[in-house]
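Engineer: No sequence on hand, only this structure:
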């Protein structure tokens with residue numbers, strides 16, 4: 001087998017292999033050649049080539065999201081690295097293990113005007129779990145310029161590194177940093193950055209491994225739910241007659257169903273679930289906005305809980321955020337091993353265990369049959385809302401709302417549904433989905449920039465069919481995602497094209513002015529038809545409800561190519577229909 005000749009490259013590759021990081025997404029370049037050669041020549045690694053670094057990072061994020069293991073992205077030096085930042089921030093806030101590998105110039109070539117060179121050290125400082133800035137192998141380093149060739153300080157710095165570093169010390173330092181980075185990505189579930197300096201020659205290979213790096217095993221120390229803390233929670237919970245559990249973004253099958261069934265027994269407990277929670281029970285309350293949006297001040301006061309427990313990641317619903325900030329619970333507890341966000345400005349307890357650990361110890365000790373009218377009262381409201389919802393949709397005109405109603409009913413069982421941000425996820429929140437459908441959305445930073453790439457990464461790594469629903473601006477923004485040779489034939493994209501950023505028509509603002517159309521809504525006449533042809537997708541389009549239902553009948557069937565269905569809705573009335581919907585369901 002051929003290996004890169006540079007010991008540092010061998011060290012990185014061997015440690016990745018030892019720690020079972022096998023998925024490597026590579027963007028072509030020269031400075032990263034030693035690592036590219038090493039990864040692609042070893043059959044242990046599954047390597048992908050994605051030209052656009054921004055798309056590559058989101059593609060890797062989609063894979064990591066599904067396999068729940070670290071995935072690496074590898075790029076050359078310079079601005080290539082900066083294109084990873086949107087996906088890194090998404091991984092940071094969505095708890096997804098992403099390992100960023102960047103090639104770099106040697107230290108003495110940085111800041112002197114050398115090409116394709118930026119300050120890469122700690123460049124993601126505010127959104128990274130660990131930055132490993134590796135050191136150049138001495139034996140492969142260029143001769144440090146003499147004193148007369150550089151300012152005195154530069155010369156002294158170079159000579160100190162030569163005499164104090166020693167190759168053995170440098171090797172030990174690099175091994176430790178790589179171990180720490182990979183372990184943190186896996187344990188803390190987030191992004192890490194490993195910056196790897198290489199000097200030329202870059203393409204030389206050897207058939208022998210010159211180094212045998214030390215592997216530091218991952219130490220998992222689970223925090224216990226302390227007895228005094230547990231006792232306090234149990235007592236407060238049993239005394240309360242109005243308890244609310246709010247579940248944000250959460251992986252499918254992450255919380256054991258038996259704990260959910262226990263919660264459903266208690267009339268004093270209201271469980272609100274978001275679409276991305278992947279949690280289902282007939283007695284829970286999905287479609288939060290449908291419940292909360294029409295409420296009066298008196299009703300909101302009735303809904304105000306004594307205790308709020310939050311589980312999972314970030315919350316989509318602006319309405320539930322506004323409600324819980326205005327009508328704060330007496331106590332807010334968040335259950336999560338790593339993070340506790342004070343979303344409602346009243347966080348009292350961060351219980352640093354997994355939800356399953358929490359319920360294992362908590363559930364057997366609480367009273368499940370507290371006498372309360374809390375849930376029965378809201379069950380009645382939910383039932384009425386659902387009746388009004390169905391009545392309104394039955395006669396609604398062909399707009400975004402009607403399209404989502406039709407499309408979401410068509411998603412095949414046991415599919416993965418990836419959602420674009422802005423209006424796509426917010427419309428979906430109004431509807432109930434089949435329990436077997438797994439739902440994902442990049443809600444860490446809620447950006448539109450990599451949703452398509454993430455969905456494709458998901459589709460590549462899952463045996464299930466992936467369906468991606470997106471808005472037009474989000475799709476066109478990330479259209480380079482289709483420049484990808486790994487897209488499975490059963491991948492499906494549904495674009496709701498309302499000729500602009502429809503979300504801005506829903507938000508407060510001065511609509512129907514030239515300024516609004518250009519700088520907020522971004523009105524356009526683009527379609528995905530020619531992109532579909534360029535990237536070998538079958539293309540379908542629908543302009544009416546009848547056309548849409550006909551196209552959906554065969555849309556998910558097996559095909560030679562992946563498919564795009566573009567649905568055109570009227571640009572100027574979507575917001576009015578949605579506003580009338582919330583008025584009607586009151």
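Structural biologist: Looks like it arrived, so ask away. Computed from a predicted structure; not experimentally measured.
Engineer: Which residue is the nearest non-sequential neighbour of residue 55?
Structural biologist: Spatially, and ignoring its direct neighbours in sequence, residue 55 is nearest to residue 453 (4.4 Å; Cβ to Cβ, 6 or more residues apart in numbering). For glycine as for every other residue, the C-beta is placed from the backbone atoms N, C-alpha and C.
Engineer: tell me which element that neighbour is part of?
Structural biologist: Residue 453 is part of helix 451-461 when elements are defined by DSSP states H and E.
Engineer: Can you tell me which helices and strands whichever helix or strand comes after that helix packs against?
Structural biologist: Beyond helix 451-461 on the C-terminal side, the first helix or strand identified by DSSP H and E is strand 466-471. Packing contacts for strand 466-471, counted by 3 or more Cβ pairs under 8 Å, 6 or more residues apart in numbering; DSSP states H and E, involve strand 416-419, helix 423-428, helix 451-461, strand 492-497.
Engineer: what lines up beside strand 466-471 in the sheet?
Structural biologist: Sheet pairing of strand 466-471 (DSSP bridges) gives strand 416-419 (parallel), strand 492-497 (parallel).
Engineer: What residues sit buried inside it?
Structural biologist: For strand 466-471, burial by neighbour count (16 or more other Cβ atoms under 10 Å) applies to 466, 467, 468, 469, 470, 471.
Engineer: Next, the contact list for residue 197, please.
Structural biologist: The contact partners of residue 197, by Cβ atoms under 8 Å, 6 or more residues apart in numbering, come to 8, 103, 104, 105, 106, 107, 134, 135, 136.
Engineer: Could you turn the buried ones of those residues into a ChimeraX selection?
Structural biologist: The following ChimeraX line selects those of the contacts of residue 197 that are buried, judged by 16+ other Cβ under 10 Å:
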select :8,103,104,105,106,107,134,135,136
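Engineer: about what we covered before: next, format the helices and strands packed on strand 466-471 as JSON lines and append mean pLDDT and mean neighbour count.
Structural biologist: Converted to JSON lines, the helices and strands packed on strand 466-471 look like this (pLDDT from 0 to 100; neighbours: other Cβ atoms under 10 Å):
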{"stretch": "strand 416-419", "mean pLDDT": "98", "mean neighbour count": "26"}
{"stretch": "helix 423-428", "mean pLDDT": "95", "mean neighbour count": "24"}
{"stretch": "helix 451-461", "mean pLDDT": "98", "mean neighbour count": "28"}
{"stretch": "strand 492-497", "mean pLDDT": "98", "mean neighbour count": "26"}
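Engineer: With residue 185 as the reference, name the closest of the ones you listed.
Structural biologist: Closest to residue 185 of the helices and strands packed on strand 466-471 is helix 451-461 (Cβ to Cβ; 16.5 Å).
Engineer: From the contacts of residue 197, pick the one nearest residue 195.
Structural biologist: Residue 195 has its nearest neighbour among the contacts of residue 197 in residue 104, at 5.3 Å by Cβ to Cβ.
Engineer: and the residue lying closest to residue 190 once chain neighbours are set aside, what helix or strand is that in?
Structural biologist: Counting by Cβ to Cβ, 6+ apart, residue 129 is the residue found nearest to residue 190 once chain neighbours are left out, at 4.5 Å. Assigned by DSSP H and E, residue 129 falls within no helix or strand.
Engineer: Give me the distance between residue 129 and residue 180.
Structural biologist: Distance of residue 129 to residue 180, computed by Cβ to Cβ, to the nearest Å: 10 Å.
Engineer: again, but for residue 389
Structural biologist: Using Cβ to Cβ, one obtains 51 Å as the distance from residue 389 to residue 180.
Engineer: part of a strand, is residue 211?
Structural biologist: No. Residue 211 is assigned coil when assessed by DSSP: H, G, I helix; E, B strand; the rest coil, not a strand.
Engineer: Name the residues that touch stretch 369-388?
Structural biologist: Residues outside stretch 369-388 that contact it (Cβ under 8 Å, 6+ apart): 238, 240-243, 265-270, 283, 285, 287, 290-291, 294, 302-303, 584-586.
Engineer: taking the mean pLDDT, what do you get for that stretch?
Structural biologist: Stretch 369-388 comes out with an average pLDDT of 94.
Engineer: re earlier: quick one: which of residue 389 and residue 180 has more around it?
Structural biologist: Taking other Cβ atoms under 10 Å, residue 389 and residue 180 do not tie; residue 389 has more neighbours (19 against 16).
Engineer: For the more buried one, give me its contacts.
Structural biologist: Residue 389 makes contact with 290, 430, 585, according to Cβ under 8 Å, 6+ apart.
Engineer: Report the buried residues of the stretch of helix or strand it belongs to.
Structural biologist: For residue 389, the host element (DSSP H and E) is helix 374-395. Neighbour-count burial for helix 374-395 flags 374, 375, 378, 381, 382, 385, 389, 392, 393 (criterion: 16+ other Cβ under 10 Å).
Engineer: and if you look at stretch 302-320?
Structural biologist: For stretch 302-320, by 16+ other Cβ under 10 Å, it's 302-317, 319-320.
Engineer: In strands only, show me these.
Structural biologist: Of the buried residues of stretch 302-320, the ones assigned to strands by DSSP state E are 307, 308, 309, 310, 311.
Engineer: Let me see the contact set for the closest residue to residue 255 other than its chain neighbours.
Structural biologist: In space, and not counting its chain neighbours, residue 255 is closest to residue 355: 4.9 Å by Cβ to Cβ, 6+ apart. Counting by Cβ under 8 Å, 6+ apart, residue 355 makes contact with 254, 255, 259, 311, 335.
Engineer: hmm, 6 Å instead?
Structural biologist: 255, 311, 335 (Cβ atoms under 6 Å, 6 or more residues apart in numbering).
Engineer: any idea where the helices of the stretch 151-300 of the chain begin and end?
Structural biologist: Taking DSSP state H, counting those that start in this stretch as the test, the helices found in the stretch 151-300 of the chain are 152-165, 167-188, 227-239, 257-263, 288-292, 297-303.
Engineer: And the lowest mean pLDDT element among the helices and strands of this structure?
Structural biologist: In the chain, no helix or strand scores lower on mean pLDDT, DSSP states H and E than helix 152-165, which sits at a mean of 53.
Engineer: Would you point out which residue is most central in this protein?
Structural biologist: By Cα atoms, centre = their mean, the chain has its centre lying nearest to residue 442, at 4.0 Å.
Engineer: which regions of this protein sit below the pLDDT cut-off?
Structural biologist: Counting by pLDDT under 70, the chain has low-confidence residues at 139-165, 501-510, 512, 517-519, 521.
Engineer: Which segments of it make up each domain?
Structural biologist: What automatic domain parsing lists as the domains of the chain is 3-199, 227-379, 396-584.
Engineer: and those domains as a markdown table, adding distance to residue 206?
Structural biologist: Listed next are the domains of the chain as a markdown table, based on distance: least, Cβ to Cβ, whole Å:
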| stretch | distance to residue 206 |
| --- | --- |
| domain 3-199 | 5 |
| domain 227-379 | 41 |
| domain 396-584 | 30 |
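Engineer: Please name whichever of the ones you listed is nearest to residue 213.
Structural biologist: Closest among those, using Cβ to Cβ: domain 3-199, at 4.5 Å.
Engineer: what about that closest one, how long is it end to end?
Structural biologist: Terminal residues of domain 3-199 are spaced 16 Å apart (Cα to Cα, to the nearest Å).
Engineer: So what's the gap between that domain and the chain middle?
Structural biologist: Centre-to-centre, domain 3-199 and its host chain are 22 Å apart (Cα atoms, centre = their mean, to the nearest Å).
Engineer: With stretch 456-470 instead?
Structural biologist: Stretch 456-470 has its C-alpha centroid displaced from the chain centroid by 14 Å (Cα atoms, centre = their mean).
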